[in-house]
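> Return a 3D structure for these sequence lines:
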Amino acid sequence: GRASMPGSDFLCQFPNFPEANVLQKHVELKLPGDFRIGDDVICKVDQTNEHGRLAFGDCGRVIGRASMPGSDFLCQFPNFPEANVLQKHVELKLPGDFRIGDDVICKVDQTNEHGRLAFGDCGRVIGRASMPG
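Next comes the predicted model:
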């Protein structure tokens, strides 16, 4: 709905706040999966049509909601400026060339309220950091 508080951009409904006046910078568009606008992605398919060409391994960026029914979101790739994609056709590009599913070995000792890591522990990359930085 229309924002009812001066300085707000629009009105949102949340489970514990039925009419919240919000600024656009305080919310983000919810896309399928764990994808967000601005995420860097890696293409997992080969596809060519009249709008462009995607190749397995192409790096791109999520740029918005899908503009075609049946697609999950819109990405920009070097040879395909506006590609409507399914989330299963791309994967999140993580820092340091790591990929979801990679096996890793811990190089630090760390303990906090969530658990304990020891140098040499083996683990697996499961997604983006929940506490960036």
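> Next one: residue 18 relative to residue 120, how far apart?
As judged by CB to CB, to the nearest Å, residue 18 and residue 120 stand 51 Å apart. Heads up, the C-betas are built off the backbone N, CA and C, glycines and all.
> any idea how far residue 90 is from the residue nearest the centre of the chain?
Centrality entry for the chain: nearest residue to the mean C-alpha point is residue 35, 2.4 Å, by CA atoms, centre = their mean. Taking CB to CB as the measure, residue 35 falls 8 Å from residue 90.
> Common neighbours of those two, please.
Jointly contacting residue 35 and residue 90 under the rule CB atoms under 8 Å, 6 or more residues apart in numbering are residue 41.
> nearest residue to residue 39 other than its sequence neighbours?
residue 62 (4.5 Å; CB to CB, 6 or more residues apart in numbering).
> The one you found belongs to a strand, doesn't it?
Yes - Residue 62 forms part of a strand when assessed by DSSP: H, G, I helix; E, B strand; the rest coil.
> Check residue 81 and give its pLDDT.
What the model reports for residue 81 is a pLDDT of 95.
> quick one, what contacts it?
Per CB under 8 Å, 6+ apart, neighbours of residue 81: residue 52.
> next one: residue 70
By CB under 8 Å, 6+ apart, the contact set of residue 70 is empty.
> And it, how far from residue 128?
Distance check for residue 70 against residue 128: by CB to CB, it reads 26 Å.
> for residue 34, same thing?
When distance is defined by CB to CB, residue 34 is 7 Å away from residue 128.
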